[in-house]
Every structure is written in structure tokens, then in C-alpha cells.
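sequence and predicted structure, then a few things I'm wondering about:
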Amino acid sequence: MGGRIEHRLPPGASESNAGRIWGYTLGCRLNSYETEALLEEFCRRCGMERTSDPGKADIVLVNTCAVTGRSTARSRKTVRALLKNTGALVVATGCVVQVIPSEFEGYDVLLVPNTAKASLVDIVCGEMGIESPEAPHSAEGLIFPAIAPERMSRTRASLKIQDGCDNRCSYCIVPLARGDSRSQPREVVIAQAETLAGAGFREILLTGVDLVGYGKDLYGETYGLPELVRELLGIGGFRIRLSSMEPMGLRREMLASLAYPGVCRHLHIPVQSGSDRILEEMGRKYTAKDISGLFDVAMDLFPGIGIGSDVIVGYPGETEEDFTMTMELISHPAVTYLHVFPFSPRPGTPAAGFRDSMVHPETVTRRARVLRALSMKKRRVFRESQLGTEALVLVESRKDEDTGRLIGMTDNYIPVIAPEGAEEGDLLEMTLGMENVCWDRR
Ligand code: SF4
């Protein structure tokens, strides 16, 4: 979370006299997916063209992120800069607009909260007097977007299957920004996956806020993530990668039922802390022992698995002893990289009120530095541990700077240099060696 993505002009796109649109995302993969879906909808329904230059755009779309104070400030500054430097209609949507719209007070910007994202194209077209010949895709019973974007990458497609979260962790703004957990109906997901498979994608990344909660709102306990993954794999032609899985509802049985051929040996499980006391204060309903048990099971079920995790440092009241416990949990060999977030009080969350027990900023910075150094070391150790093993590599469009050869990604999330002559989209069985593993890429 917290990154910035400019949505580039797709290859082969041409400019025209029709209105032009440019998009920009702050924050998570889900936001990026939604921006892309909106840009494609503007083109499909209104005949707009995408431009790579915001200065030439008639509409600029900014999808904001409120996950930290920093991402909120970046969202505001981005909107302000675009207002100053372009003559376009500036449209802001996303989590800051939903939760803290006052950030844009006094700005001449069209605000569309997350709850109205499904109607954003109509709202903007109404504002601009643009006619849309195609009716909007009915959003009833569906989560946004109803149509999966195809242009995010030429090899790996994302597919959003879930939104929102039923947990109420004390520090988290996501339920305020995205609401309770909702699932995309299975037949919609299957149809979208068939379209993506038909378009030639060899990997589909299932995304959502809490993938583990998939299906509960629609099917109770009768149909969840494992059942969906099994049906999707039945389509054939692609492998499945799972994005972030919250550990609260993640049972060993679910992991066991996800261990099919075709599911990437790569999970992202945000643990946030290794101190049971802090976990309880955060409202996370598990202990460090539960998590290390899950990691053990994952290593047995998916030999060679790489697990990424999110950790918050400096949660109010976090002592040196609590931090040491986090270091111990994260030292588990299943963990291969970390995303480290210094605690950031978010408006409207319980933890924002814990001002008296805030950890000193220098201590937070030091702890974050220690964990990031551990993450770097773990990446390297994991890659070394995989030398000599076989892995299925999906060749991407990026090139290695030294050799000029294409880079691919193993199913357990190790970047490798593809052999000479490999083409984008190839799925190759490779033996990992010193010469083909990329060592310095994060
Ligand atoms: S489970 Fe994750 S998204 Fe849900 S409230 Fe907790 S931290 Fe936020």
C-alpha cells in the first residue's frame, strides 16, 4: 500500500479529437484495478481516448488512498498539482474522498466517493455534457467493477472477487472507506475469468480486501474461496495467484484445500505484530502461536512457498519486548519479505484516540529500519534456498538491464531472467541458478 501508479497509455492507442482522459492511482492493488476499470469504461462507453500526458487531458482521474497520513497528504497534493497545472476537469475518488472529503475543501474538484464509483462515469459525463451511447452495466448485486479490466498487464490479469471487510481492527480505516465484506457472485467471476483466459492471460491474480471472507455474504459456509479457485482452475489455461489473505478466518483446512496444482506457492498474510498483547489491542483475533502454526502448515502443503507479510511498527504502547516478539515471529523461515508500516493514526478509528501511549517517532523509525533490513535479508536467503529447484516461470514484458533479456516471475514470486528467445507470456519450466535469479530487485 501507499504506492503511486500512473495509468499509462496502452500500446497501440491513438489520440483523437474525442475527449481525452488520464488516470492516476495512489495506494493498493485494488485501487489500481478500479482506476483501470474506470478508464476502460470511459473509453468503451463514451468513446474517450486515453492520453499519457495529463496536460492534454480533458478529464484527469485521481483514485486516492487514506491508509496512512502520508498517503492522504499525497492524495491531496496530487489533486492540488493537477488543478494548478492542467485545464482539465479534475475528478477525485477513492478512500480519502469517502472518509475525509474535507481534505479537498476549497478545491475546484469533482468528488465521487467509493460508494458511487459504479456511477462515476455517468456522474462525470453528466458534468461534462458528454453523451454515453451505451447504458451502464447494471451494478445491482455486483461489486464494482462489473467488468474486469484487461489492460493492466499483458501477461497477468487481476480479478477482483471481494471488497470491504467485516473485521474492525482498531487502527484500520478500510471498513470505513470500503464498507462490509461483499463478494462478486461466482458466475460473474467465472465469466470474467473465461474472458481473461480467452484474451490469453496465463496468470490471474485474485484480489480483494479479505479474500478469506469470499462467499460468506452470498453462500454462507457452502461456497468459499477454495470452491471458487477449484472452479476457476477448471477453465484451464492460467495459474492462480492469491493476493492478501487476512489470518483471522484462515484455517489450516482452508490452506489444505487451496493446495492444488495451478495455485501459486505464494501467499501474503498480514500478521501486523508478534506480540499477543498488541494483537489483542489491535482487535486481531489470533496469537503469534496460531500464526507460526499456520506458517508451518503452509510450508508442508506448498513446498518452496514464499509468504509475504505486513507489519505495523510503533502501534500505541508497543514496547521493546513487543517488538522483539514481532522480530521472532517474522523470523519464521516461511516469511520471505515484509511490507513495514509505521503506525499512522487514522481519523474515525479507535487507535487514533490512543494519543497518550504513542511511541516516540525516533523509536518507530528505528524499528521500521530494523524490520526492512530483515526483509531484505529474508528475500535473499529465500532466493538462495531455491537455487537448484524447478519452477514455472511466466515471462513478462520487463527487461533485465544488464542482459537485455526478458524477466519472468516464478510461481513462488522470485524474479528470474528468461532464456534467450523467450517471449512475453511464455510459461517455462526453469531450474533456478545463480545466473538466472535476479538478486537486487525488491
Ligand atoms: S482485517 Fe484488515 S482490512 Fe479488515 S479491518 Fe482488519 S486490518 Fe482492516
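Thanks, I have it.

ok, Val188 to the ligand distance?
Distance from Val188 to the ligand, counting by C-beta to the nearest ligand atom, to the nearest Å: 22 Å. The C-beta positions use only the backbone N, C-alpha and C, and glycine is treated the same way.

oh, I was asking about Val79
Using C-beta to the nearest ligand atom, we find Val79 at a distance of 25 Å from the ligand.

so who does that residue touch?
Contacts here follow C-beta atoms under 8 Å, 6 or more residues apart in numbering; on that basis Val79 touches Val62, Thr64, Val90, Ala92, Phe104, Tyr107, Val109.

change it to 6 Å
By C-beta atoms under 6 Å, 6 or more residues apart in numbering, Val79 lies in contact with Val62, Ala92, Val109.

distance of it from Ala288?
From Val79 over to Ala288 the distance is 41 Å, taken as C-beta to C-beta, to the nearest Å.

so which of the contacts of Val79 belong to strands?
Among these, the residues falling in strands (DSSP state E) are Val62, Ala92.

from the contacts of Val79, keep the buried residues only.
Buried subset of the contacts of Val79 (neighbour count, 16 or more other C-beta atoms under 10 Å): Val62, Ala92, Val109.

list phi and psi for the residue lying closest to Ala197 once chain neighbours are set aside.
Nearest residue to Ala197 in three dimensions, chain neighbours excluded: Gly237, at 4.5 Å (C-beta to C-beta, 6 or more residues apart in numbering). In terms of degrees, to the nearest 10, the main-chain angles of Gly237 are phi 100, psi -10.

residue numbering should commence at 841 henceforth.
Noted, 841 is the first residue going forward, which turns the last one into Gly1077.

what is the neighbour count of Gly1077?
For Gly1077, the count of nearby residues is 15 (other C-beta atoms under 10 Å).

so it touches Gly1038, yeah?
No. At 8.5 Å, Gly1077 does not count as touching Gly1038 under the criterion of C-beta atoms under 6 Å.

OK, contacts around Pro941?
Residues in contact with Pro941, defined by C-beta under 6 Å, 6+ apart, are Leu951.

first-to-last residue distance for stretch 892-905?
End-to-end distance of stretch 892-905 (C-alpha to C-alpha, to the nearest Å): 22 Å.

next: stretch 1079-1093.
Criterion C-alpha to C-alpha; first-to-last residue distance in stretch 1079-1093 is 21 Å.

rewinding a little: for the contacts of Val919, could you give me CSV that also reports pLDDT and distance to the ligand?
Below are the contacts of Val919 laid out as CSV (pLDDT from 0 to 100; distance: C-beta to the nearest ligand atom, whole Å):
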residue, pLDDT, distance to the ligand
Val902, 98, 22
Ala932, 97, 22
Val949, 96, 27
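
which one of the contacts of Val919 is nearest Leu960?
Checking these against Leu960 by C-beta to C-beta gives Ala932 as the nearest, at 10.5 Å.

and that closest one, how far from Ser872?
Computed as C-beta to C-beta, the Ala932 to Ser872 distance reads 16 Å.

try Ala958
According to C-beta to C-beta, Ala958 and Ser872 sit 17 Å apart.

now Asn954
Per C-beta to C-beta, Asn954 is found 14 Å from Ser872.

hang on, Lys1190 packs against Ser1010?
One thing to correct before we go on: residue 1190 is Pro, not Lys. Yes. With contact defined as C-beta under 6 Å, Pro1190 counts as touching Ser1010 (4.4 Å).

more neighbours, those two?
In terms of neighbours (other C-beta under 10 Å), Ser1010 is the more surrounded of Pro1190 and Ser1010; the figures are 18 against 15.

neighbours around Thr908, how many?
By other C-beta under 10 Å, the residues close to Thr908 number 19.

again with Ser1097
Using other C-beta under 10 Å, Ser1097 is surrounded by 16 other residues.

what residues does it make contact with?
Residues in contact with Ser1097 (C-beta under 6 Å, 6+ apart) are Pro1066.

surely it is within a strand?
No. Assessed with DSSP: H, G, I helix; E, B strand; the rest coil, Ser1097 is helix; it does not lie in a strand.

distance check, it against Phe1041.
Using C-beta to C-beta, one gets 24 Å for the distance from Ser1097 to Phe1041.

show me the contact partners of stretch 1139-1146.
Leu1095, Ala1099, Arg1105, His1106, Ala1138, Ala1174, Thr1176, Phe1222, Asn1252, Tyr1253.

tell me the pLDDT of the fourth one.
Confidence per residue is given as pLDDT, and for His1106 that number is 97.

correct me if wrong: it contacts Tyr1253.
Yes. Using C-beta under 6 Å, His1106 is in contact with Tyr1253, at 4.3 Å.

distance of Glu967 relative to the ligand?
Here Glu967 is placed at a distance of 32 Å from the ligand (C-beta to the nearest ligand atom).

neighbours around the residue lying closest to that residue once chain neighbours are set aside, how many?
Once flanking residues are discounted, Glu967 sits nearest to Leu950: 6.0 Å by C-beta to C-beta, 6+ apart. Using other C-beta under 10 Å, Leu950 has 19 neighbouring residues.

next: Arg1207.
22.
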